[in-house]
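Peer 1: Next come a sequence and a model predicted from it.
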Amino acid sequence: MNSYVAPVSDAVKTENYSNSACASESQPPPSFGQVASNFESYEPTAPPPEAFVFDSVPSDYIIYPHTCPPWTPSHAKYKIENGGDIYSKDPLLESNKDELWRFFLTHLSSSPTACIHAEGYHMETEYVQVSVKDAHGNTQFETRAKEVKVIDFSFSIDVSPYVQKQWSAIAVIPEKDGRYQRFNDILETYSSSKNSLKQICIRKKIEWDVRSVVDMVYNVIRFSGFTRKVDVHVSTNGDKIKVLSASDMSALANSSFVRCLCVLSCCCIIFGPMYLMRRHKMDNNIVAKYPVMISVEQLYARNYWPIYAAVKERVKGRTWIG
């Protein structure tokens with residue numbers, strides 16, 4: 001299979017900004033080497049997901065494109081949800097390991113999308129009138145203060161064109177006891193299992209120094225003179241391929257209506273743990289790696305002025321290709 005990498009010089013151009021805040025966009029940004037040494041480490045509001053390090057898995061437990069056995073496309077039925085995630089309940093995948101193999105390889109041919117999101121904001125106090133009952137049942141009005149979040153600017157940088165289209169490795173996350181498993185063995189276990197709630201999922205992970213990327217965007221925002229609160233994070237979509245059992249029990253357990261009914265009737269307190277314990281036995285973590293073919297320094301050079309302008313202009317909801 002051929003891989004595709006979007007050349008930095010050929011990537012889609014960013015928007016043009018006419019505002020005077022970006023009058024210097026035609027000029028090169030400050031040297032990355034000079035400013036990087038002054039970067040302030042950004043503390044995210046939520047910790048980033050823990051990265052799975054492929055180097056921790058022996059090479060003979062990892063599948064690479066050049067070691068991948070020949071395969072033909074799968075014709076199993078599937079649906080797309082949650083911005084690109086793929087899932088299937090096709091009976092063809094219930095007990096046929098080879099068909100399961102072809103299904104995963106077929107849908108691993110599309111890489112996940114990746115986007116950097118940033119927003120600047122501040123908190124303001126609003127006063128509202130609320131009605132309350134006094135001890136005698138009479139209605140009284142009180143003024144109460146509440147904190148509200150006010151967005152100053154927000155933008156997104158789409159880096160999907162730089163995510164390599166070809167996966168570079170597939171591996172199974174080791175068990176808690178450190179035991180390694182091969183992808184083929186997981187497929188065999190799933191196919192032979194009679195568990196009516198079994199499911200198996202591959203997660204597409206981008207291989208990128210996300211922490212350095214977030215730090216870079218955060219510091220460019222600070223360089224623009226913005227001193228209020230900032231949130232920066234990287235999101236991915238279309239990063240899961242899931243196969244669920246074709247059994248009636250699985251369809252019932254994964255029904256949104258049934259789950260809502262269980263919550264309303266409190267049955268989830270009894271059946272929830274039982275479901276999770278039974279399902280967990282076959283919910284293996286398989287990871288496919290997709291390198292991102294643009295460095296932090298290249299991303300900085302291409303996006304310094306667009307970020308600077310977005311902050312200065314106080315834009316909201318602007319998106320561009322990085």
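Peer 2: Great, that's in hand.
Peer 1: residue ranges with poor pLDDT in the stretch 1-150 of the chain?
Peer 2: 1-26, 45-51 (pLDDT under 70).
Peer 1: now the helices for it?
Peer 2: Applying DSSP state H, counting those that start in this stretch to the stretch 1-150 of the chain gives helices spanning 32-36, 97-107.
Peer 1: Report the buried residues of the first one.
Peer 2: Of the residues in helix 32-36, those scored as buried under the neighbour-count criterion (16 or more other C-beta atoms under 10 Å) are 32, 35. Quick note: C-beta positions are derived from backbone N, CA and C, even for glycine.
Peer 1: Check stretch 165-180 too.
Peer 2: Residues of stretch 165-180 classed as buried by neighbour count (16+ other C-beta under 10 Å): 167, 169-172, 180.
Peer 1: what's the first-to-last distance across it?
Peer 2: 27 Å (C-alpha to C-alpha, to the nearest Å).
Peer 1: List of residues touching that stretch?
Peer 2: For stretch 165-180, the surrounding residues in contact (C-beta atoms under 8 Å, 6 or more residues apart in numbering) are 1-4, 52, 54, 56-58, 61-65, 108-111, 181-183, 186, 202, 204, 207, 284-291.
Peer 1: From the contact counts, what lies against the top helix by length along the chain?
Peer 2: Assignment by DSSP state H gives helix 296-312 as the longest helix of the chain. If you count contacts as 3 or more C-beta pairs under 8 Å, 6 or more residues apart in numbering; DSSP states H and E, helix 296-312 packs onto helix 32-36, strand 139-158, helix 210-223.
Peer 1: Next secondary structure element downstream of it?
Peer 2: As assigned by DSSP states H and E, the chain's next helix or strand after helix 296-312 is strand 316-321.
Peer 1: wait, which of the helices of the stretch 1-150 of the chain is closest to Q129?
Peer 2: Proximity to Q129, assessed across the helices of the stretch 1-150 of the chain by C-beta to C-beta, is greatest for helix 32-36 (49.0 Å).
Peer 1: which residues sit against the closest one?
Peer 2: 216, 219, 223, 297, 300-301.
Peer 1: Please name whichever of the helices of the stretch 1-150 of the chain is nearest to S193.
Peer 2: The nearest among those, by C-beta to C-beta, is helix 97-107 at 11.1 Å.
Peer 1: list the buried ones in the closest one?
Peer 2: Judged by neighbour count using 16+ other C-beta under 10 Å, the buried positions of helix 97-107 are 97, 99-107.
Peer 1: which residues are in contact with that helix?
Peer 2: Helix 97-107 has contacts (C-beta under 8 Å, 6+ apart) with 68, 71-74, 76, 78, 86, 88, 92-93, 184, 187-188, 190-191, 200, 202, 241, 243.
Peer 1: returning to that earlier point: please pick the buried ones from the contacts of stretch 165-180.
Peer 2: Buried among the contacts of stretch 165-180 (16+ other C-beta under 10 Å): 52, 54, 57, 61-63, 108, 111, 181, 183, 186, 202, 204, 207, 284, 286-291.
Peer 1: Just the strands from the stretch 1-150 of the chain, written as ranges.
Peer 2: 79-81, 85-88, 113-133, 139-158 (DSSP state E, counting those that start in this stretch).
Peer 1: Listing partners with orientation, what would you give for the first one?
Peer 2: When sheet partners are counted by DSSP bridges, strand 79-81 sits next to strand 85-88 (antiparallel).
Peer 1: before we move on, back to that, hey, which of the strands of the stretch 1-150 of the chain is tucked in deepest?
Peer 2: Stretch with highest mean neighbour count among the strands of the stretch 1-150 of the chain: strand 85-88 (a mean of 19; mean count of other C-beta atoms under 10 Å).
Peer 1: if we look at that one, which residues are touching it?
Peer 2: Contacts of strand 85-88 (C-beta under 8 Å, 6+ apart): 76-81, 103, 107, 237-244.
Peer 1: 7 Å instead, please
Peer 2: Strand 85-88 is contacted from outside by 76-81, 103, 107, 238, 240-244, using C-beta atoms under 7 Å, 6 or more residues apart in numbering.
Peer 1: Columns distance to D231 on top of those residues, output as a markdown table?
Peer 2: Listed next are the contacts of strand 85-88 as a markdown table, based on distance: C-beta to C-beta, whole Å:
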| residue | distance to D231 |
| --- | --- |
| A76 | 40 |
| K77 | 39 |
| Y78 | 34 |
| K79 | 32 |
| I80 | 29 |
| E81 | 26 |
| F103 | 37 |
| H107 | 32 |
| G238 | 23 |
| K240 | 24 |
| I241 | 30 |
| K242 | 29 |
| V243 | 35 |
| L244 | 34 |
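Peer 1: Done for today, thanks.
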